[in-house]
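> Output the structure for:
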Amino acid sequence: LGLGAVEQLRPLVPAGTTMTQMALRWILMFSSVTCAIPGAKRPEQVAENAQAADLPPLPRETMSAIEAIYTQQVQPHVHHYW
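Reported below is the predicted structural model:
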């Protein structure tokens with residue numbers, strides 16, 4: 001389940017961006033989100049995570065593709081929890 005979704009997301013990651021940065025940028029695209037607090041084990045991860053806030057907005061096509069992956073691959077397995 002999870003790895004299949006990750007593989008579908010991988011081609012959507014903008015050049016020069018990590019998967020983690022894209023995920024953080026995706027979270028920050030929602031107006032109801034005021035901050036994201038990711039975990040990190042190394043100082044390099046903290047710096048990489050912080051850079052996500054400075055990335056340009058994800059294109060509408062990317063947001064739609066991520067939503068479709070979520071709806072098909074993730075939502076059926078987690079949505080019932082809330």
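> and the residue most central in space within the chain, how far is that from Met63?
By C-alpha atoms, centre = their mean, the chain has its centre lying nearest to Ala23, at 1.6 Å. Counting by C-beta to C-beta, to the nearest Å, the gap from Ala23 to Met63 is 13 Å. For every residue, glycine as well, the C-beta is placed using N, CA and C.
> Show the residue spans covered by the helices in the protein.
Here the chain has its helices, by DSSP state H, at 2-9, 19-28, 43-51, 60-69, 75-78.
> just those helices: most buried one?
helix 19-28 (a mean of 18; mean count of other C-beta atoms under 10 Å).
> What distance do you get for the residue of the chain most remote from its centre to Gln8?
Distance from the C-alpha centroid of the chain peaks at His80, with 21.1 Å (C-alpha atoms, centre = their mean). With distances taken as C-beta to C-beta, His80 is found 22 Å from Gln8.
> Could you do Phe30 as well?
Distance from Phe30 to Gln8, counting by C-beta to C-beta: 20 Å.
> How about Pro38?
Counting by C-beta to C-beta, the gap from Pro38 to Gln8 is 21 Å.
> again with Gln45
Distance from Gln45 to Gln8, by C-beta to C-beta: 24 Å.
> do Gln73 as well
7 Å.
> Ala47 too?
Counting by C-beta to C-beta, the separation of Ala47 from Gln8 is 28 Å.
> same check, this time on Leu58
Between Leu58 and Gln8 the computed distance is 15 Å (C-beta to C-beta).
> likewise Met22?
Here Met22 is placed at a distance of 13 Å from Gln8 (C-beta to C-beta).
> ditto for Thr71
Applying C-beta to C-beta to Thr71 and Gln8 gives a distance of 12 Å.
> Show me the shaky parts of the protein.
Residue ranges of the chain with pLDDT under 70: 1.
> before we move on, back to that, can you convert the helices of the chain into CSV and add a column each for distance to Thr34?
Output for those, formatted as CSV (distance: least, C-beta to C-beta, whole Å):
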stretch, distance to Thr34
helix 2-9, 24
helix 19-28, 9
helix 43-51, 16
helix 60-69, 19
helix 75-78, 23
